[in-house]
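Make a model of this:
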Amino acid sequence: MSYTFPVERTANPKPKPDPSTLKFGKTFTDHMLIIEYSVEKGWHDGRIVPYGPLSLDPATSVLHYSQQMFEGLKAYRTPDRRVLLFRPTKNAERLNKTNERMCIPEMEPELFVDAVKAIVNVEQDWIPEKEGTSLYIRPFIIADEVFLGVHPAHHFKFIIICSPVGPYYDSPDGGIIATSIYVEEHYVRAAMGGTGFAKVGGNYAASLKAQEEATARGCEQVLWLDALEHKYVEEIGTSNAFFVIDGEVITAPLLGTILPGVTRDSVLALLRHWGLKVSERRLLIEDVRKAAAEGRLNEVFATGTAAVISPVGRLKFADSEFAINGGGVGELAQRLYDTLYGVQTGNKPDELGWTVSVN
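Residues are numbered from 1 along each chain as shown. This is a model prediction of the structure:
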């Protein structure tokens, strides 16, 4: 089944920003897509309307009980003027896993993908073409039923907004740069049985204090450890973490506290496609520290939609710090970025069939 959405065009289109000055998540396009949910009708009344404020009653349940979720993906312009999405069905799958955990109704994957295609098609003139830029797409769901009481809502809004973006971390050439990461040994991001695997705002709100302290130490992000023993590495900030020790690429397994990143899944597929040694296993932070001290920590990098690949050049502990690759970008991280970004933008062959054309 194919879904279509009526379009109400804005009467006051905004000027397009200069691609060379784009910051991440600061500029928004002219339109947004909205779909309603009710128990009686299911997901219905999908439409594209001018971008603008939402009107919410002060007793709207999402404001009090945080029943919500969000997704993130990007659209890219190719050299032959096509518009590509990268693995949107994976976002649809993850959306429904999050929805199940948050007592939000399931959405047909076809409806999600068609909705993304529809808003991107309307806003395709906003897709920047400078190296390192893209159109970031933010689908989200909020419980907009008006009530005070702790129980799942019966009415929701699914909304998609779009933002032309530059690199997540400022880079002079639009490529990737090495970051500094602080190992957080006090605060925790997620515990077993919680919402660590789900893409919900509460996970991010709970991370802000640790992020604030990492920034004060001169670091861009936090390396989270497990909640129970504070011994095993988990995620880097809002991204999945990869460690290369003695040539083995290691990332934490999906046991319930790790976000199942689309980029993570893509990186694992590429590494295996290239014949490299890859492990999804628990990794002690002390083994990372020891490998760094002995010069066996070849690379560390994070993966996620926003930055794609984010190399780590410096790892800081409360009592020590280590430079990785001399503080620069590692060879494997660069290869992964070049391959993924090349596929996403149509500059490299899509050997694994990951891209979806919008037009």
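
Could you pull out the helices in the stretch 1-150 of the chain for me?
61-65, 88-101, 109-122 (DSSP state H, counting those that start in this stretch).

would you list those in a markdown table and tack on mean neighbour count and mean pLDDT?
Where C-beta positions appear, they are placed from N, C-alpha and C, glycine not excepted. Below are the helices of the stretch 1-150 of the chain laid out as a markdown table (neighbours: other Cβ atoms under 10 Å; pLDDT from 0 to 100):
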| stretch | mean neighbour count | mean pLDDT |
| --- | --- | --- |
| helix 61-65 | 18 | 98 |
| helix 88-101 | 19 | 98 |
| helix 109-122 | 20 | 98 |
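
okay if I get those as JSON lines plus distance to Ile181?
Converted to JSON lines, the helices of the stretch 1-150 of the chain look like this (distance: least, Cβ to Cβ, whole Å):
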{"stretch": "helix 61-65", "distance to Ile181": "32"}
{"stretch": "helix 88-101", "distance to Ile181": "24"}
{"stretch": "helix 109-122", "distance to Ile181": "31"}
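
out of those helices, which comes closest to Gly202?
With Cβ to Cβ, the closest approach to Gly202 among the helices of the stretch 1-150 of the chain belongs to helix 61-65: 10.3 Å.

helices and strands around the closest one, which ones?
strand 134-143 (3 or more Cβ pairs under 8 Å, 6 or more residues apart in numbering; DSSP states H and E).

Mind listing the strands the helix or strand just after the strand it packs on pairs with, and their directions?
Per DSSP states H and E, the first helix or strand lying C-terminal to strand 134-143 is strand 155-165. Here strand 155-165 is paired, per DSSP bridges, with strand 31-38 (antiparallel), strand 134-143 (antiparallel).

what's the angle from strand 155-165 to helix 109-122?
40 degrees (axes from the mean of the first three to the mean of the last three Cα atoms, to 10 degrees).

Going C-terminal from strand 155-165, what's the next secondary structure element?
Per DSSP H and E, the helix or strand that comes after strand 155-165 is strand 179-183.

now the strands for the stretch 251-359 of the chain?
Ranges of strands within the stretch 251-359 of the chain are 278-280, 297-304, 308-316, 321-323, 355-357, based on DSSP state E, counting those that start in this stretch.

Can you convert those into CSV and add a column each for mean pLDDT?
Shown next, in CSV, are the strands of the stretch 251-359 of the chain (pLDDT from 0 to 100):
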stretch, mean pLDDT
strand 278-280, 98
strand 297-304, 97
strand 308-316, 96
strand 321-323, 95
strand 355-357, 97
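
Select, out of the ones you listed, the one closest to Thr60.
Going by Cβ to Cβ, the one of these nearest Thr60 is strand 297-304, 29.7 Å.

ok, Tyr337 touching Ile309?
Yes - here Tyr337 reaches Ile309: they are 4.0 Å apart, a contact under Cβ atoms under 8 Å.

Find residues that contact each of the two.
Each of Ile176 lies in contact with both Tyr337 and Ile309 under the rule Cβ atoms under 8 Å, 6 or more residues apart in numbering.

higher neighbour count, these two?
Each of Tyr337 and Ile309 has its neighbours counted (other Cβ atoms under 10 Å); Ile309 has more, 26 against 21.

Report the central residue of the protein.
By Cα atoms, centre = their mean, the mean C-alpha position of the chain lies nearest to Thr305, the distance being 4.1 Å.

Please consider this matter closed, and thank you.
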